[in-house]
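Asks: Fold the stuff below for me.
(one chain, ligands or ions: 1)
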Amino acid sequence: MSRTILRGRVLTFVSEPQGVDDTASYRYLEDGAITIEDGKIIAVGDFVSDDIAEVIDHRPHLILPGFIDMHLHYVQSQMIASYAASLLEWLNTYTFVEEQKFGQQGHAGAISSAFFDELIRNGTTTAVAYCSSHPQSVDAFFAEAEKRNMLMVGGKVMMDRNAPEALCDTAQSGYDDTKMLIERWHGRGRGLYAISPRFALTSTPEQLEASQTLVAEHPDCYVQTHLSENAAEITYAMELYPGSPDYTGIYEDYGLLGPKMLLGHCIHLNHRETRVLAETGSVAVFCPTSNLFLGSGLFDHERLSKAGVRIGVATDIGGGTSYSMLRTLDEGYKVLQLRGQRLTPLNSFYMMTLGNARSLSLEGTIGAIAPGNAADLVVLNAGATPAMALRLATVTSLVEELFLLQTLGDDRAIAEVYVAGARAKSTLGGL
Ligand SMILES: [Zn+2]
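Replies: Numbering: from 1, shown residues only. Model prediction:
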């Protein structure tokens with residue numbers, strides 16, 4: 001069994017930071033050592049020389065847990081940067097056309113491979129993905145994740161109305177295909193399944209009923225959907241489900257809320273909806289670049305957080321405009337500035353690591369540099385570009401360095417990535 005030690009400046013969170021001075025929320029080692037064996041972290045501490053293990057020296061870079069992206073659509077990789085006025089126009093003009101390509105032989109495999117390369121380039125080691133409505137898009141996604149030994153969550157989109165016929169399943173076929181895919185992929189290697197009704201607009205009541213059955217039959221699977229992103233979407237949802245008290249109430253009525261439920265966007269929620277999300281332990285996923293790009297609105301982090309709602313953060317590729325969690329949190333910072341709220345650099349890096357791991361109920365597996373966790377790690381270089389190096393010369397604290405990484409950093413700041421203890425970025429082809 002080979003043992004590797006990564007030497008560098010090690011940073012990992014232990015709790016949600018309660019302010020920019022909350023030094024108790026993290027552990028920081030100026031000259032740290034992460035000992036890895038069999039894909040897992042077995043020890044973390046100050047560096048001492050060890051003749052047995054291979055030492056990889058990443059000083060002066062920072063080593064953090066690999067980034068976690070809570071919501072994206074891998075099948076939209078070729079339609080990022082599509083010009084549209086708002087969500088529904090964007091879906092109808094581009095998205096529903098693009099996703100039909102996944103019915104073609106070989107397409108899903110090619111896009112999966114490019115998509116996973118891009119995640120690694122950006123330091124993301126776990127993502128929660130929507131596939132298309134075609135089962136083969138799910139097979140390609142999990143097969144690629146398995147090949148790379150990555151912990152990935154994903155699922156077949158279920159949609160049986162308000163979309164082109166070539167993309168629509170039926171309540172029955174969506175149920176049958178999902179069931180088959182759960183049996184094939186959930187718990188295989190590091191793969192985890194997410195039951196994925198796209199959103200209320202594209203699912204009939206019969207399909208949400210079928211989703212409810214799936215959730216009851218597979219309580220250990222995740223559930224993901226979209227909620228309250230855009231005003232026109234909310235109006236249409238209430239026309240389709242007039243018996244529900246509000247948009248959240250639709251998913252509530254079909255028994256879909258709970259600690260495994262990941263709800264993209266959650267921008268325009270009323271007080272009842274916020275309370276229901278908190279009571280059920282459902283997760284609201286903040287997608288800042290997407291919300292700005294589609295003009296959807298400004299996520300109210302403070303209100304949801306104070307109400308006790310669990311929160312995640314994500315790129316929402318391809319409504320989102322970057323694969324980078326650094327770029328995403330930079331935009332998240334600006335969204336909250338416009339809300340009159342502050343997002344500290346500590347909170348940003350907490351959110352993309354331990355925070356998202358907790359929102360996935362995966363604390364103890366990923367999201368922290370601690371014995372027993374997977375050795376999914378990212379190595380960050382705060383002086384990766386001339387502009388960053390210029391600014392780094394005046395940085396005097398860890399918090400300042402993190403804010404520099406978030407504000408100016410992108411894939412160029414990702415010096416290396418480890419997936420289950422193996423180098424993943426420097427071994428990518430074409431670099
Ligand atoms: Zn989405």
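Asks: close to the ion, is stretch 71-79?
Replies: No: if you take Cβ under 5 Å from the ion as the test, stretch 71-79 misses the ion, and the best it gets is 5.6 Å. In this view, the C-beta of every residue, glycine as well, is placed from N, C-alpha and C.
Asks: same question for that stretch, mean pLDDT?
Replies: Per-residue pLDDT values over stretch 71-79 give a mean of 95.
Asks: Same check on stretch 164-179?
Replies: For stretch 164-179, mean pLDDT is 97.
Asks: Now do the same contact list for Met158.
Replies: By Cβ atoms under 8 Å, 6 or more residues apart in numbering, the contact set of Met158 is 133, 169, 174, 178, 195-198, 203, 207, 210-211.
Asks: let's go with 7 Å and repeat that
Replies: The contact partners of Met158, by Cβ atoms under 7 Å, 6 or more residues apart in numbering, come to 169, 174, 178, 196-198, 203, 207, 211.
Asks: what's the closest non-adjacent residue to Asn230?
Replies: Closest residue in space to Asn230, ignoring its immediate chain neighbours: Leu87 at 4.2 Å, by Cβ to Cβ, 6 or more residues apart in numbering.
Asks: low pLDDT regions in the stretch 301-431 of the chain?
Replies: Applying pLDDT under 70 to the stretch 301-431 of the chain flags residues 430-431.
Asks: Now do the closest residue to the ion within it against Asn291, distance only.
Replies: Nearest residue of the stretch 301-431 of the chain to the ion (Cβ to the ion) works out as Asp316 at 4.7 Å. Distance, Asp316 to Asn291, by Cβ to Cβ, to the nearest Å: 8 Å.
Asks: more crowded one of these two?
Replies: Here Asp316 and Asn291 are compared on neighbour count by other Cβ atoms under 10 Å; more neighbours surround Asp316, at 29 against 25.
Asks: from memory that one sits against Val285, does it?
Replies: No: with contact defined as Cβ atoms under 7 Å, Asp316 does not count as touching Val285 (8.1 Å).
Asks: Show me what from the chain comes close to the ion.
Replies: Selection of the chain residues close to the ion by Cβ under 5 Å from the ion yields 264, 316.
Asks: ok, the residue of the chain positioned farthest from its centre - contacts?
Replies: For the chain, the largest distance from the centre (Cα atoms, centre = their mean) belongs to Asp51, which lies 38.3 Å off. By Cβ under 7 Å, 6+ apart, the contact list for Asp51 is empty.
Asks: quick one, helices of the stretch 1-150 of the chain?
Replies: Ranges of helices in the stretch 1-150 of the chain, per DSSP state H, counting those that start in this stretch, are 87-90, 96-98, 107-121, 135-148.
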